[in-house]
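# turn this into a model:
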Amino acid sequence: HGAIIYPRDMNEPECPQMFTLGGRWYVLASIHQGQGEKGGVGKPSYWMSASPLGPWPKRASGALDGRHNCAAQVAFDGKTLLKFVWIPLTPSSAGKTKSWGGHLAIPREIYALPDGSLACRLPPRLRQRLAELPWREVPGFPITSRPRAFGGMGTEGWRDIAAEFTLQMPKATKAVRVGIAP
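Residues are numbered from 1 along each chain as shown. Purely as a prediction, here's the structure:
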């Protein structure tokens, strides 16, 4: 059959996988974006086709999450398609080299929108379980933040933004949940 997708100008596609969802076929791969301010070792991108044999577009049809979501892998439990990625300990940026190693992100459910494009979200069962945990408010709990913009301003506003939070927890506090409005 030969190459399924051969865009010729792609930089290091990592961990490609093919799957079907909602009657369409998809190839998901994490694309290395190079070094520097706009670089990164992730950006799970996908191509969409009506058939596993194509035709496939030369350019990605879309992306799930941002460039710091690396080496995306999908798993299917018979009901839900889940995406797993790792987040580098030190994001790639100007003057820094690649960071291989970090934290496994919370799995996200991949689902198809009516036009066939893909989106992802926290799986409903996990979201429900997190809401059921015995959370409590602690008055006088100081939180400070320092935003750092990784990406540029898009037409819809900022994207690829990281915020660092410093929590000063009382000694008796064993866990904390911070809610951040969209």
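# quick one: residue 127 is in a strand?
No - the assignment for residue 127 by DSSP: H, G, I helix; E, B strand; the rest coil gives helix, which leaves it out of any strand.
# what sits against it?
With contact set as CB atoms under 8 Å, 6 or more residues apart in numbering, residue 127 has no partners. Quick note: C-beta positions are derived from backbone N, CA and C, even for glycine.
# what separates it from residue 116, distance-wise?
Separation of residue 127 from residue 116 (CB to CB, to the nearest Å): 24 Å.
# low-confidence ranges, the chain, go.
In the prediction, the chain carries residues with pLDDT under 70 at positions 1, 6-12, 34-41, 90-101, 135-167, 177-182.
# all strands of it, in order?
Listed in chain order, the strands found in the chain under DSSP state E are 13-21, 24-31, 44-49, 62-63, 70-76, 81-88, 102-104, 108-112, 118-121, 143-149, 153-154, 157-158, 161-167.
# so which bits of stretch 55-64 are buried?
Neighbour-count burial for stretch 55-64 flags 56, 60-61, 63-64 (criterion: 16 or more other CB atoms under 10 Å).
# output the residues you listed as TSV; include the columns distance to residue 106.
Written out in TSV, the entries for these read as follows (distance: CB to CB, whole Å):
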residue	distance to residue 106
56	30
60	24
61	24
63	18
64	14
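# closest one to residue 73 out of those, please.
When the buried residues of stretch 55-64 are compared for distance to residue 73 (CB to CB), residue 64 comes out closest, at 12.0 Å.
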